[in-house]
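Participant: Pasting a predicted model and its sequence here:
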Amino acid sequence: MKVHFIAIGGSAMHNLALALKKAGNIVTGSDDEIFEPAKSRLEKYNILPKEIGWNKENINPDLDAVILGMHAKKDNCELIKAQQLNLKIYSYPEFLYQVSKDKTRIVIGGSHGKTTITAMVLHVMQRMNIPTDYMVGAQLEGFEIMVKISDEAKYMVLEGDEYLTSPIDPRPKFHLYNPNIALISGIAWDHINVFPTFEKYVEQFQIFTSKITENGTLIYCNEDENVRKVALNSREDIKKLPYGIIPHKIENGITSIIWNNKEYALKIFGKHNLLNLYGAMLICQQIGIKNEDFLNHIASFKGAKNRQELIKSNDSVAIYKDFAHSPSKLKATIEALKEQYPNRKLIAAMELHTFSSLNSEFLQQYKGTMDMADEAIVYFNPHTLLHKGLKEITKQQVYDAFGNKEIKVCNSSSEVINLIKENKWENKNLLMMSSGNFDGIDLYALAEKII
């Protein structure tokens, strides 16, 4: 196939481009900005655009498909020419469905945990040598790229994102996959710019369950009231499998699963990961993997990149980074570290970086989320608000929203670093949470100074 990507520099888009190139297709692309690591990875496979920007000459009648990314706009000159030529234009979820429509599609959805659950399933399937195609939203150990497409795989494992599909398709991505096996990990309001009410947000998960194939399977977190309601109101023909926290123990800083009187020590920890693990085990069970085999293999799982990732540690200090940014993720990650290290104090810092988190109305959702931290720091950059076209928020608004008298609110990254350095680092852990990078804080350099 000859395939052209409009907005090839995106995280999912460039990985799909790499996957198609590796599968022997002719791939080209364009974008008006390409950052690392996409730039180096596209260059490695000789598909980095020679010029930055859009050019309608990139579009010609010989193309078998054009794949359109969210970063492009409706008036993109390449998109307009592709439409004029009546070329087949796909969003990347549409394209993934096309290449997997004859496979068993496993789709993991939810406001939190979906990347980790997808990664767990892929980890076990890889170790059991089960040929599997996939799309996952983070770099995984042992996987070169985040997308794989092949002819021989019987299964396609897809992380089901609820955000919009493309500039010309306002459907959530996970509505396009039509899963044979679906999972919902949790429902907590997010993407306020697209789903202005919680009810509208929940509706997307109801629609997701309606897309499950006839006599398909829905695996769902029974501990989440909103998920349970959605699951129980789904179609009668769907097989419904609830899950909760898998039996376990924590001893000497190690979490172990207890199953059929046998213990399986894990490299991961936290209530949310124990829920994630049970969900992943039920998925694998549906495709014939025995629970004992799953548990033997999941013991070596270290987690997806940027998800509760250990940066550096010694006998009395551990420094973690996490992608956590929404209220539910924040609370779960803080609780996990406090439970895993009950005798250590926790300094937790988070960055308000997403559209939702910087919205003055949505801010109220963060009330109490950092209360379990011994010291809590919240950072936001006023310039980010300007860039996203949002109303100004003040330090006082952030302070009031979190509802914690001890919380410290900063709007310069140097202030965050100074607060962290003020601590005497002994018998303490540090947790840095953001979908951004605290405006350039080098967490590895910071860890070297602390430990």
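Facilitator: Received it, and whenever you're ready, just let me know what you need.
Participant: Go through stretch 285-293 and flag the buried ones.
Facilitator: For stretch 285-293, the neighbour count (16 or more other Cβ atoms under 10 Å) marks 286-287, 289 as buried. (Each C-beta comes from the backbone N, C-alpha and C, glycine too.)
Participant: do the same with stretch 375-385
Facilitator: Buried residues in stretch 375-385 (16+ other Cβ under 10 Å): 375-381, 384-385.
Participant: I'd like the list of the buried residues of stretch 285-293 that fall within helices, please.
Facilitator: Gln286 (DSSP state H).
Participant: Including pLDDT, could the buried residues of stretch 375-385 go into a markdown table?
Facilitator: Below are the buried residues of stretch 375-385 laid out as a markdown table (pLDDT from 0 to 100):
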| residue | pLDDT |
| --- | --- |
| Glu375 | 97 |
| Ala376 | 97 |
| Ile377 | 98 |
| Val378 | 97 |
| Tyr379 | 97 |
| Phe380 | 96 |
| Asn381 | 93 |
| Thr384 | 89 |
| Leu385 | 89 |
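Participant: So which residues of the protein form helices?
Facilitator: Assigned by DSSP H, the chain shows helices spanning 11-22, 38-44, 77-84, 92-100, 114-127, 198-210, 225-232, 271-286, 291-298, 327-340, 382-387, 395-402, 413-421, 443-450.
Participant: who does the fourth one touch, helix- and strand-wise?
Facilitator: Yep, that's helix 92-100 we're talking about. Judged by 3 or more Cβ pairs under 8 Å, 6 or more residues apart in numbering; DSSP states H and E, helix 92-100 is in contact with helix 11-22, strand 65-68, strand 132-135, strand 155-160, strand 164-166.
Participant: Relative to Leu330, how far out is the nearest residue to Ile246 once chain neighbours are set aside?
Facilitator: With sequence-adjacent residues excluded and distances taken as Cβ to Cβ, 6 or more residues apart in numbering, Ile246 is closest to Tyr278, at 4.3 Å. For Tyr278, the distance to Leu330 (Cβ to Cβ, to the nearest Å) stands at 22 Å.
Participant: Of these two, which one has the most company?
Facilitator: Between Tyr278 and Leu330, counting by other Cβ atoms under 10 Å, Leu330 is the more crowded of the two (26 against 21).
Participant: Contacts only, for the more buried one.
Facilitator: Applying Cβ atoms under 8 Å, 6 or more residues apart in numbering, we find Leu330 in contact with 324, 350, 366, 369-370, 433.
Participant: ok, the closest residue to Gln365 other than its chain neighbours - contacts?
Facilitator: Nearest residue to Gln365, sequence neighbours excluded (Cβ to Cβ, 6+ apart): Pro327, at 4.6 Å. Applying Cβ under 8 Å, 6+ apart, we find Pro327 in contact with 188, 365-366, 369.
Participant: The stretch 301-450 of the chain: strands as residue ranges?
Facilitator: Assigned by DSSP state E, counting those that start in this stretch, the strands in the stretch 301-450 of the chain fall at 309-313, 317-322, 345-351, 375-379, 408-410, 428-433.
Participant: Identify each buried residue in the first one, please.
Facilitator: Buried residues in strand 309-313, defined by neighbour count with 16+ other Cβ under 10 Å: 309, 311-312.
Participant: before we move on, what about the longest one?
Facilitator: The neighbour-count check on strand 345-351 (16+ other Cβ under 10 Å) flags 346-351 as buried.
Participant: re the thing from before, now, among the buried residues of strand 309-313, which is nearest to Lys101?
Facilitator: Glu309 (34.7 Å; Cβ to Cβ).
Participant: Local confidence estimate at the closest one?
Facilitator: Among the per-residue scores, Glu309 shows a pLDDT of 92.
Participant: Number of residues surrounding the residue nearest to it when sequence neighbours are not counted?
Facilitator: In space, and not counting its chain neighbours, Glu309 is closest to Lys321: 5.4 Å by Cβ to Cβ, 6+ apart. Neighbourhood size, Lys321 [other Cβ under 10 Å]: 22.
Participant: And the one 4 residues further on, by the same measure?
Facilitator: Using other Cβ under 10 Å, His325 has 19 neighbouring residues.
Participant: Could you tell me how far it is located from Ser360?
Facilitator: 17 Å.
Participant: swap in Phe143?
Facilitator: According to Cβ to Cβ, Phe143 and Ser360 sit 39 Å apart.
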